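Novice: The following block contains a protein sequence and its predicted model.
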Amino acid sequence: MIPFNVPPYTGNEDQYVLAAMRSKKISGDGEYSKRCQKWFEGNLNCAAALLTPSCTQALEMAALLIDIQPGDEVIMPSYTFVSTANAFALRGAKIVFVDIRPDTMNIDESLIESAITPRTKAIVPVHYAGIACEMDAIMDIASHYRVFVIEDAAQGIMSTYKNRPLGSIGHMGAYSFHETKNCTSGGGWLVDYQR
């Protein structure tokens with residue numbers, strides 16, 4: 001059987017996991033959580049970074065922070081994981097899917113503007129496989145129509161767009177640490193809020 005993925009293991013993890021367990025503070029706001037959040041805040045140049053238990057919860061947090069209400073519309077690519085849509089649909093948003101570009105598998109930025117209506121509240125670009133969406137075009141559209149951009153950078157940790165980290169360009173970004181991602185802790189996500 002060929003495994004779907006092999007999680008990275010360097011050997012350093014053992015000492016950190018043991019130290020965290022011995023600290024008697026493993027509920028999420030211990031030393032390592034704070035160090036991780038501080039690292040992301042510095043490297044993403046964001047106002048705040050918050051670790052969350054799952055991808056869905058990071059995106060749900062973003063939906064709460066922009067006050068998604070029933071009837072609001074959220075634009076996202078037609079090719080994404082269900083959690084991207086669920087986070088907004090659970091708050092009553094109408095999901096508006098936009099087709100993807102065959103060369104990147106990312107949202108086709110040339111189709112976003114035609115999907116915008118007066119009910120549009122946010123655009124959620126998904127950086128598939130660490131390949132950046134065309135963020136300049138997306139941010140220009142968002143600025144023109146005064147809508148939020150929440151980057152789903154689940155697969156984009158340490159990837160960049162014009163020398164800027166993915167997830168740090170929009171108003172908020174969400175990252176995954178699932179074992180299949182390029183930076184893993186076995187699970188969990190991070191949501192960041194831009195200045």
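Specialist: Thanks, I have it. Numbering: from 1, shown residues only.
Novice: In this structure residue 75 contacts residue 99, no?
Specialist: No: checked against C-beta atoms under 8 Å, the pair residue 75 and residue 99 is beyond contact range at 11.4 Å. Backbone N, C-alpha and C define where each C-beta goes, glycine included.
Novice: Please identify which of the two sits among more neighbours.
Specialist: residue 75 (26 against 13; other C-beta atoms under 10 Å).
Novice: average pLDDT for the helix or strand hosting that one?
Specialist: Residue 75 belongs to strand 73-77 when elements are defined using DSSP states H and E. Taken as a whole, strand 73-77 has an average pLDDT of 98.
Novice: Just list what it packs against, helices and strands only.
Specialist: If you count contacts as 3 or more C-beta pairs under 8 Å, 6 or more residues apart in numbering; DSSP states H and E, strand 73-77 packs onto helix 82-89, strand 94-98, strand 120-123.
Novice: can you list the residues that contact the shortest one?
Specialist: This points to strand 120-123. 66, 68, 72-76, 88, 93, 96, 112, 138, 141-142, 145, 147-150 (C-beta atoms under 8 Å, 6 or more residues apart in numbering).
Novice: Just the buried residues from those residues, in ChimeraX please.
Specialist: To isolate the buried members of the contacts of strand 120-123 in ChimeraX, using 16 or more other C-beta atoms under 10 Å:
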select :66,68,72,73,74,75,76,88,93,96,112,138,141,142,147,148,149,150
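Novice: what's the burial count for residue 19?
Specialist: 12.
Novice: now the helices for the protein?
Specialist: Counting by DSSP state H, the segments of the chain that form helices are 13-22, 31-44, 55-65, 82-89, 112-115, 135-145.
Novice: could you dump the shortest one to PDB, C-alpha only?
Specialist: What that stands for is helix 112-115. This file holds the C-alpha atoms of helix 112-115, laid out as PDB (Å, rounded to 0.1, in the frame of the first residue of the first chain):
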ATOM      1  CA  ILE A 112     -14.800  37.600  -9.700                       C
ATOM      2  CA  GLU A 113     -16.100  41.100 -10.600                       C
ATOM      3  CA  SER A 114     -19.100  39.700 -12.500                       C
ATOM      4  CA  ALA A 115     -20.100  37.600  -9.500                       C
END
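Novice: Flag every buried residue along it.
Specialist: Neighbour counts over helix 112-115 (16+ other C-beta under 10 Å) mark 112, 115 as buried.
Novice: Can you name every helix or strand that it contacts?
Specialist: On a contact count with 3+ C-beta pairs under 8 Å, 6+ apart, helix 112-115 meets strand 94-98, helix 135-145.
Novice: For the chain, name the helix or strand with the lowest mean pLDDT.
Specialist: Lowest on mean pLDDT, DSSP states H and E among the helices and strands of the chain sits strand 189-193, with a mean of 50.
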